[in-house]
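Chemist: A predicted structure for the sequence below; I have some questions about it.
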Amino acid sequence: MSAKTEGVINEAMVLWFTGLSGAGKSSIAEEVYKRIRAKGVKVEHLDGDKVRDIFPKTGFSKEERDRHVRRVGFLAGMLEKNGITVVASFISPYKESREAVRSLCLNFREIYVSTPLEVCEQRDVKGLYKKARSGEISQFTGIDDPYEAPENPDVVVDTSKQTIEESVDSVLSQLGC
């Protein structure tokens, strides 16, 4: 665990949120980012959708996903080594690429948003599950591409059992922030 004083992070870290599309990763991560920032900590939020906007030719095959996650992991590690805490929210479906990111960081914390597939599909905010089920899109995590759940995450939250606010409180509490 990182060094801390009265709930303030004194050592940069990488908080890596992983889970299915629609699980609540971005919502939780954004609020965690805001709360950490409000404490005066240097922090950046890297979000899957926003980063893909910057790198629009990033594909969805296993190889492309792996490269993408590792690129972002490299960036997160560089920011962390320069004293900036990073809150990253990426589906990052493969254990091997998450482990590669872990190896690039000094103080990596994996947060698994374990919301069940059925709940994520019911939410389907972006209509992606519907498109995947109808065959309009392929290689969609949880439908025709696997999601390898973390075996030993530092924190687990499930937004089907708790609100975003409760999940944020749980993450910060479990990380000692």
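Modeler: It's in.
Chemist: Without its sequence neighbours, what residue ends up closest to Ala132?
Modeler: Phe140 (3.6 Å; CB to CB, 6 or more residues apart in numbering). C-betas here are computed from N, CA, C, even on glycine.
Chemist: What is the neighbour count of the one you found?
Modeler: 17 (other CB atoms under 10 Å).
Chemist: got the contact list for it?
Modeler: Ser21, Phe60, Leu128, Tyr129, Lys131, Ala132 (CB atoms under 8 Å, 6 or more residues apart in numbering).
Chemist: quick one, what contacts the fourth one?
Modeler: Okay, so that is Tyr129. So Tyr129 contacts Ser21, Gly22, Cys120, Glu121, Phe140, Gly142, Ile143 (CB under 8 Å, 6+ apart).
Chemist: again, but for the third one
Modeler: Leu128 is in contact with Ser21, Gly22, Ile137, Phe140, counting by CB under 8 Å, 6+ apart.
Chemist: if we can go back for a sec, now the residue nearest to Ala132: how far from Phe17?
Modeler: Look at Phe140 and Phe17: by CB to CB, to the nearest Å, they are 19 Å apart.
Chemist: repeat for Gly24
Modeler: 9 Å.
Chemist: And the contacts of Phe140, which two are furthest apart?
Modeler: Put simply, by CB to CB the two of these set farthest apart are Phe60 and Tyr129, 14.4 Å from each other.
Chemist: Tell me the secondary structure at Gly176.
Modeler: coil (DSSP: H, G, I helix; E, B strand; the rest coil).
Chemist: What number of residues are in the vicinity of it?
Modeler: Residues near Gly176, counting by other CB under 10 Å: 11.
Chemist: So which other helices or strands are in contact with the lengthiest helix in the chain?
Modeler: Scanning the chain for the helix with the most residues, using DSSP state H, yields helix 62-81. Applying 3 or more CB pairs under 8 Å, 6 or more residues apart in numbering; DSSP states H and E, one finds that helix 62-81 contacts strand 14-18, strand 43-47, helix 48-54, strand 85-89, helix 95-104.
Chemist: Thanks a lot, catch you later.
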